[in-house]
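Asks: Quick one: sequence plus predicted model below, questions after.
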Amino acid sequence: MATFSVDFLGCKVSHTDAQEIRERLFADGHAEKETAADLAVVNTCCVTHEAVRKSRQAARRAARRAGRVYVTGCAARLPGAFDGLPANVRVVRAPSERAPDLVAGDVGAIGCVSADIGLDRVRAFVKVQDGCSFSCRFCVIPQVRGASRSRRADAVLAEVRRRVEQGHREVVLTGINLGCYRDREAGFDLAGLVRAAGATPGLGRLRLSSLEVNHLSERLLGAMRETPCVSPHLHVPLQSGDDRVLEAMGRRYTVATYLRRTERATGFNLTTDVIVGFPNEDERAFKNTLRVVERAGITRVHVFPYSPRPGTRTANEDPVPPSAKRDRSVRLRVASAGACKRRWLAKLGCEDFVLVDRPGRGYGNDYSPWLLEADVGSLVRARATAVSEEGIVGLAA
Ligand code: SF4
């Protein structure tokens, strides 16, 4: 038996990839150990220059505390990203689907099955789709993840059932471009999958991770509204609120389309990603983004200062000074904090179901953060009594 640790950087898909490797190592009879393990797995991210830097740093740190380090995930497939690291670091360049087998095969199985020891029991991320066939001009993900492909619906639904049986209260369906989900043979699209997964006995809450606005159809919204355990939360990347910038990014929608499609999601908590400091973003374009964020009723904005990625069509373009990117990031985060607070204040005196995922904290049905004392892992009815800078303060009702 070997001891191991698994860390990940980046998005929910990276989280699920790391989790798959972790479970595979458990299944082979190895044991998790946070420090001084025989081997460490670092599932990496390459979405920004900063993400690659942190991934390298994590791999270097792991190489000091573990005998052997496996670097997996998006950045591992980026040529040269881990050159010059210590000799005990192995870069696994295979697609995410093959990484668990490659790591486990290299470590060696001992055949003692102890599959679900130590799993996080609150929330499970279930990957239904991987890769992306879009071609946003700034994005490195299609290069490292390949074209869009979906898992079979029966495999996804079996995994959802297994997660619920393991005690997970919430399941999040994730993918790199989730709305592309299709199992043509079984006749499933994402809307069908939501209805089927949402009918899993014992499931407390079903959420979707990120969704492109072009996939936000009436059919999908209908499935989300009509399936009782589905969270009324949508994370729909905007990236910019300026048509000229969207066009230069190679995004497949205009501001008007974004607003028209998200307007249909009345009552949903809408969150987003925005890139600031894209090469043709000037002050006027940035102000358009601020206006669109407000007009769409977006609450939480994940702000990404633009950084050119190798191999993309904007790899050599980065004219916006770092100080302007910092300034725009701060202004957008301030706007986002104000919008969150307004949504939270509107809930004062109301009740909601809160999934407590850490001591004293959890998330309401619409993914608003709550501060609440209850057992970790419990889904409790709570009343909103106040609002702080960090979320809605609640008492179990
Ligand atoms: S939709 Fe665009 S930004 Fe998102 S992964 Fe695909 S290419 Fe990248």
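Replies: Yep, that arrived. Residues are numbered from 1 along each chain as shown.

Asks: got the contact list for Asp243?
Replies: Thr254, Val255 (Cβ atoms under 8 Å, 6 or more residues apart in numbering). Just so you know, the C-beta spots here come from the backbone N, C-alpha and C atoms, and that holds for glycine as well.

Asks: again with Val245
Replies: For Val245, the contact set (Cβ under 8 Å, 6+ apart) comprises Gln239, Phe278, Asn280, Glu281, Ala285.

Asks: Same question for the longest helix anywhere in the chain: list its buried residues.
Replies: Identified as the longest helix of the chain according to DSSP state H is helix 322-345. Going by neighbour count (16 or more other Cβ atoms under 10 Å), the buried part of helix 322-345 is 324-325, 328-329, 331-332, 335-336, 339-341, 343-344.

Asks: ok, for Thr227, nearest residue in space, not its chain neighbours?
Replies: Spatially, and ignoring its direct neighbours in sequence, Thr227 is nearest to Gly198 (3.5 Å; Cβ to Cβ, 6 or more residues apart in numbering).

Asks: again, but for Phe138
Replies: Per Cβ to Cβ, 6+ apart, closest to Phe138 is Thr314, 4.9 Å.

Asks: can you check Leu238 too?
Replies: Thr272 (4.5 Å).

Asks: Also Ala31?
Replies: Thr3 (5.3 Å).

Asks: what sits against Cys248?
Replies: Just so we're on the same page, residue 248 is Ala rather than Cys. Contacts here follow Cβ under 8 Å, 6+ apart; on that basis Ala248 touches Arg137, Phe278, Pro279, Asn280.

Asks: Which one of these sits in the busiest neighbourhood?
Replies: Within the contacts of Ala248, Phe278 tops the neighbour count with 28 neighbours, counted by other Cβ atoms under 10 Å.

Asks: Buried residues in stretch 91-99, which are they?
Replies: Those would be Val91, Val92, Arg93, Ser96, Ala99, for stretch 91-99 by 16+ other Cβ under 10 Å.

Asks: When you compare pLDDT across those residues, which one is lowest?
Replies: Ranked by pLDDT, those bottom out at Ser96, which has 87.

Asks: hang on, it packs against Gly73?
Replies: Yes. Between Ser96 and Gly73 there is a contact under Cβ atoms under 8 Å: 7.2 Å.

Asks: which neighbours do the two share?
Replies: The contact sets of Ser96 and Gly73 overlap at Asp17 (Cβ under 8 Å, 6+ apart).

Asks: how about the residues of the stretch 151-300 of the chain near the ligand?
Replies: Ile176, Asn177, Glu212 (Cβ under 6 Å from any ligand atom).

Asks: and the residue nearest to Phe138, that's in a helix?
Replies: No. Checked against DSSP: H, G, I helix; E, B strand; the rest coil, Thr314 lies outside a helix; its state is coil.

Asks: Relative to Leu348, how far out is it?
Replies: 44 Å (Cβ to Cβ, to the nearest Å).

Asks: Then Ser5?
Replies: Taken as Cβ to Cβ, the span from Ser5 to Leu348 is 42 Å.

Asks: which one of those two has more residues nearby?
Replies: Each of Ser5 and Leu348 has its neighbours counted (other Cβ under 10 Å); Ser5 has more, 21 against 13.

Asks: can I assume the more buried one sits in a strand?
Replies: Yes. The assignment for Ser5 is a strand, going by three-state DSSP.

Asks: what separates it from the ligand, distance-wise?
Replies: 28 Å (Cβ to the nearest ligand atom, to the nearest Å).

Asks: my guess is that residue meets Ala36, correct?
Replies: No. Using Cβ under 8 Å, Ser5 makes no contact with Ala36, being 9.2 Å away.

Asks: can you list residues touching both of those two?
Replies: Ala66.

Asks: now the protein, which segments are flagged as low pLDDT?
Replies: 109-120 (pLDDT under 70).

Asks: which stretches of it form helices?
Replies: Using DSSP H, helices in the chain cover 12-27, 49-65, 99-107, 141-145, 153-165, 190-198, 218-226, 243-249, 255-263, 283-296, 322-345.
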